[in-house]
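J.: below: sequence and its predicted model.
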Amino acid sequence: MNVIEPYVSAGSIKFGATYDEIVSDLGEPRSQEKSRLGETVVRYDGFGATVSSYGVAEVYFLPDANVSILGIDLFNDPKAFRELCRLDGNPKEFMGFIILLKLGVTLTGFHDGDEAQKAITAFVRGRWDQLVDELKDCAFN
């Protein structure tokens, strides 16, 4: 089980780790590329990481990865999305992503039933700071 510790780590990857540390721990990635921000995105089976100039900034997981946060099994518990929104207390939305700033994660595919888009991304503190004014409040019935 890959456990997300908000703003600390996601699975075995610690925020701030270097590219070399990731490769040393996990082996060579299946693929890698530069993002539009010039960051390095490394991909493994079921997960990947974005490495900026200050180290790992994001770690994403796809449904074939076993992932939990605060004891909630993200891809297998049908109540996970609503429970995370409740625990965060102030879910935001931006371009189809649900951002839970208190928990340090974004979710997609959970709120709209789009299984093909389902993913969770844990991020480093401050990752969304420049866009915070653009985040919209969201509520789920």
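T.: Noted; the coordinates are in hand.
J.: how much space between Ala17 and Arg127?
T.: From Ala17 across to Arg127, the span is 15 Å (CB to CB, to the nearest Å). Glycine gets a C-beta too; all of them are placed from N, C-alpha and C.
J.: ok, what's across the strand from Glu93?
T.: Ile98, Lys136 (DSSP bridges).
J.: mind listing the helices for the chain?
T.: For the chain, helices defined by DSSP state H occupy the ranges 19-26, 80-88.
J.: most tightly packed of these?
T.: helix 80-88 (a mean of 17; mean count of other CB atoms under 10 Å).
J.: flag the shaky bits of the protein, pLDDT-wise.
T.: Judged by pLDDT under 70, the chain has its weakly predicted residues at 112-116, 139-141.
J.: dead centre of it: give me the residue that sits there.
T.: Thr121 (1.0 Å; CA atoms, centre = their mean).
J.: gap between the residue nearest to Met1 when sequence neighbours are not counted and Thr50?
T.: Distances taken as CB to CB, 6 or more residues apart in numbering put Asn66 closest to Met1, at 4.8 Å, once the chain neighbours are dropped. Asn66 sits at a distance of 21 Å from Thr50 (criterion: CB to CB).
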